[in-house]
Structures are given as structure tokens and as C-alpha cells.
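Student: Coordinates only, no sequence provided:
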């Protein structure tokens, strides 16, 4: 079998353009009162993200035969949740970051109250976007909304992961606790992205399990390579302050396991993600190429 | 016609017990990791609220013939959104309140980061609760979720109202701007409560319009009497710091219109709420009694 060559940077760029255009339509304009709130929302949403979660959703949905227009709005909802989490994580009482994607963070450019409200509004708009998505049946919409809410919230979602991460800053944690933080803080929303794509594409339960396994490993890959980039990259390459994790004694893979073992973990997670894809009788080329791409991003 | 006598404090107490019991079931326990997050969520949710929004939803739903069990979880979702908004509004960068319902606010009892995350998690849990509510058809769930999201978010919801309110603190605003703040900050979620009840009860479009009109006036009543209480009550009566609005030069009805005209506005909003109910061919006794009760709460 000759597998088609997939240009992942191109795939991301195309989907990013689609997602950005739809986000622009969904988010209130900067001229709409209260303008400071809407300017802050747009500042953070259009700060240059890769749209990783929407693109993963689209790749998964297309693997299961969903049409692009059935996936776009859920993709935007995922990006709204992701952006709200970045805005809140950057706040002084959380990670206290001044720089994000090479630009001042929301609370630096505007103010803390506006940044909190911008995040709050984006979360509401994410669920509104799904609830009103007429490309999907009400049955699919409620399943997708439940996936997104579980992935974003607590007790095993993005918010609980961030809470665990903050608790970990003041103590020495072991490898298992670190893995749990990553599974929730980054992994849960990445899993939700892949699962929503599969649900919209009509995946059955065993296919959904395989996709969840794939996405959990992809999420780990993503987080471990992110930790590694924080150690090895420069500010210009990252668009954020490198070395910050180590300075704030944040638990990271390189800090707990060392660089060598961290690279071995990347290989293992990559293999596990590919094995999960082999369980599905669909065309997994794009999903496998995404796993390849993420595992190589620190190289 | 002999109208039955409705004991509104009793109606609130009964519904509060039902809502609290269901909230207790829906919210992760304090022993669930990360415990600090879940303790903070429960601290704020079970701090002694009146459950006004769920009770209004239940009263409206019952007026349209909905069964109590069809209304309870949406009521809990409304209360989760309301509680998250209180937690975030109390933060130092927002209203900077130390006391709420007679207890230390969430960020005082825990810390700022935990309070932000507790609010974020409650918003996600609200939408999860609706998406997973098997007492309602998927068609009704997506309509209810959309109502809640619009009422909670921006550009004409609770978050935009709070953003307008913060902007107003640094400037002199007129009566029209104050009304817009109230319509969004308090009114939007109160409207969503009544509209969700009517939708679950199967209201048609003209009934939904009348209920919206009723709820918009009830929301104004609620906010104006709240402003008045801030001027006239003691800390013991309010469970929060009275006179705070005036000290922070927050725009309020008494500050802009004076006490006399504020009381006249209460009468006008009460009459408008009752007129709206007269448009509906249902039993409006409980809804009218709620309007009576709210308009008298500062007396």
C-alpha cells in the first residue's frame, strides 16, 4: 500500500485559516460594547495560536468520514476553551506570565479583571457555539457539549489539572503525580478534541476507545515535548519566557526524569499512539502524521 | 375567583432543599483530588444562597406544566453559573469583597488561584449538567444550554454586564447606562432562568416573550431592591458589607435617582412584571407572588 504523503504544516495552516475565519464570525467585534472586554477576547484568541485542538478534531472527524462543515464550529469551541485557559493560567495569582506567543498576556495588555472576564466569556461562548451548531443533530450536540465540559472541568479535566499543578509547585512530587497533572491539564482537552471528532463522524464505542487511547498518548507527547522545549529553546523560538518552569520549580519531565529518559518517554508515547490507531479500520494517515509531527517538534 | 394563598418563603425553602440536595449529588465531594479545589467549590456553593434563580425556573416551569424532575438539574446549572459569578466578582481585581453571605469569600478562605479555578470549574459543570440531563430531550437540552450560555456570557449577558459595571466605576454614568448594566449583569441570568423554565414547559413564542418581559422587570426589581438594601441595611441583615457600593462610588439607583425615585421605580417594575403575566393564559399566581416578594424585600 502506498500511503499518501501528508504535509502536516500545510494541513495545520489550512485548518488554521478556516478556524480563524469562523472564530472571527463567532466572536463579538471590537466595536461592540463593552469594547474593552471584546478587545481583550480578540487580543488573546487572535494572538497566533496553532489551532492544534481544532485541527486534531478535524483530522479525527475526517478519518471517520465527517464533513468539514460539521467539524468547524466544535473546533472553534475547543479553541475558545483553550484560549480562556491560557488567559487564566497567565494571571498573576496563577503562573504570572507576562509573555505569551510573543505578545503581552491579556492581563498585561488590559488588566486583571478584564482578563478574568474575557476568559469567563470565552467559556460561555464555547458552549453557546456547540448548542447553536445547526450542522449537528441535537443528539450529537449534547454529546459533544458533555465531552467538552468534562474535558474542561473537574474532577478529571483541565481545571483540576491546573489545580493539581499549582499544588505541586509547593511540594516535591513523584512521576505518577506529574503524569496525572499532564493527563488532566493538557490531555483532557486534547482527548475531548479527538473524541468529539470521532463522535461527529459516527464512531462506535470500540473506535472511540482506540481514539481516546491515541489522544491520551498524543497529549502526553505534547506536554513532554513542551517541557523539553522549555529547557532547550530560546525566547524567540518559543514566543514565551523559556526556563521559567525551572525557575519557578514547576514539576516537569526533564526535572524529574532527566533529558535522556524524557526523550525515551517521547518515543514510548509516540509508539503507543500509533498502536492505538492500528486498532481502527479507517485511514489513520493524518492522525499518525500528527503524532510524528508532535514527537519531533523539540528536535 | 379565589386565588390560593402562596407562602413564598415556604416555596423558596422547599425548592432550596431540593436544589441543595441535587447540587450535593452533582458536585465532586471534598475528598476527591484535588481536594483544595473541590473544598473551595463546595465552600461557595453551600454558603447559604437563597437559590433564587432555580426557584424562579421551577415556578415558571410549573406554571407551564413541566414536572419538577424536569426542572431540577437546569436549576442546579443556573445556581452553578450564579455561584461562579459571585466567586469571580469578589476577587481583589474585581469588587474586592472579603465577606459574602456572612462568610469569608472564596479567595479569602482559600487563595486567589483556587477561587478563579473554582469558578471556572463551576461554569463547565453547569453546561455538563444540562448536556447530561436525561430528563430532557436533546432538543430541549440544546435550547436550554444556549439560553444559559447567552445569559451568562457576552455581548448581552452577565459577563458583559460585569465588564460594563467595572468600566462605570471610573466614570459618571447616566440612568440609561446604569439600566443596561443591570439588564445584563443581573437581568440576563434571571431572564434565562424564567425562559428555561418556560421552554422546558413547552411555552410557545408569544408566551416566551411575555415571560421574558416578566423576568426582565423582575431582574430590575431584584437589582434596585439590592441597591436600596445596600444603603439602608446593616451588615447582620445583609450578610455582606453594607454601604460598600457608595464607598467605592459604584453606580447605583439611589446614587443616581435618590431614594424617593428609586422606590417609585420599584413600583413601576413590579406593575410591569404583573402586566406581562396577564398576557399568559396559565396560572401565574406563584410568579406574581415572587414579584410581590422581591418588591417588598427592602421594606
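Tutor: It's in. The structure displayed is predicted, hence computed values, not measured ones.
Student: show me the contacts for the residue nearest to the spatial centre of chain A.
Tutor: Geometric centre of chain A, nearest residue: residue A:53, 4.6 Å, by Cα atoms, centre = their mean. Contacts for residue A:53 were tallied using Cβ atoms under 8 Å, 6 or more residues apart in numbering or on different chains; they are A:75, A:78, A:79, A:82, A:189, A:190, A:193. (Glycine included, C-beta is placed from N, CA and C.)
Student: SS state for it?
Tutor: On the three-state scheme (DSSP: H, G, I helix; E, B strand; the rest coil), residue A:53 is labelled helix.
Student: How much space separates it from residue A:61?
Tutor: 12 Å (Cβ to Cβ, to the nearest Å).
Student: ok, now residue A:102?
Tutor: 30 Å.
Student: Could you list the low-confidence segments of chain A?
Tutor: Scanning chain A with the threshold set as pLDDT under 70 gives A:1-4, A:234-250, A:298-299.
Student: Regarding it, what is its longest helix?
Tutor: Longest helix of chain A, by residue count under DSSP state H: helix A:205-232.
Student: which parts of that helix are buried?
Tutor: A:207-228, A:230-231 (16 or more other Cβ atoms under 10 Å in any protein chain shown).
Student: other SSEs contacting that helix?
Tutor: helix A:52-63, helix A:175-182, helix A:188-200, helix A:235-238, helix A:244-247, helix A:253-277, helix A:285-295 (3 or more Cβ pairs under 8 Å, 6 or more residues apart in numbering or on different chains; DSSP states H and E).
Student: Relative to residue B:14, which of these is closest?
Tutor: For the helices and strands packed on helix A:205-232, proximity to residue B:14 was assessed by Cβ to Cβ; helix A:188-200 is nearest, at 37.5 Å.
Student: That closest one near chain B at all?
Tutor: No: against chain B, helix A:188-200 shows no contacts by Cβ under 8 Å from any Cβ of the partner chain, the least distance being 10.7 Å.
Student: and that helix, what does it pack onto?
Tutor: For helix A:188-200, the helices and strands in contact under the criterion 3+ Cβ pairs under 8 Å, 6+ apart are helix A:52-63, helix A:68-89, helix A:138-152, helix A:158-169, helix A:205-232.
Student: for that helix, the distance to its chain's centre please.
Tutor: Helix A:188-200 sits 11 Å away from the centroid of its parent chain (Cα atoms, centre = their mean, to the nearest Å).
Student: That helix versus helix A:138-152: what angle between them?
Tutor: Here helix A:188-200 runs at 170 degrees with respect to helix A:138-152, directions being taken by axes from the mean of the first three to the mean of the last three Cα atoms, to 10 degrees.
Student: Against residue A:53, how distant is residue A:179?
Tutor: Distance, residue A:179 to residue A:53, using Cβ to Cβ: 20 Å.
Student: Would you reformat the helices and strands packed on helix A:188-200 as TSV and include distance to residue B:255?
Tutor: TSV is the format used below for the helices and strands packed on helix A:188-200 (distance: least, Cβ to Cβ, whole Å):
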stretch	distance to residue B:255
helix A:52-63	46
helix A:68-89	32
helix A:138-152	39
helix A:158-169	37
helix A:205-232	50
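Student: For residue B:95, find the nearest of these.
Tutor: helix A:68-89 (18.1 Å).
Student: ok, then the element right after the closest one?
Tutor: Once the chain leaves helix A:68-89, the next helix or strand it forms, by DSSP states H and E, is strand A:99-100.
Student: for stretch A:220-236, the distance to its chain's centre please.
Tutor: Averaging C-alpha positions (Cα atoms, centre = their mean) puts stretch A:220-236 15 Å from its chain's average.
Student: With neighbour numbers in mind, choose between residue A:102 and residue A:61.
Tutor: Each of residue A:102 and residue A:61 has its neighbours counted (other Cβ atoms under 10 Å in any protein chain shown); residue A:61 has more, 27 against 12.
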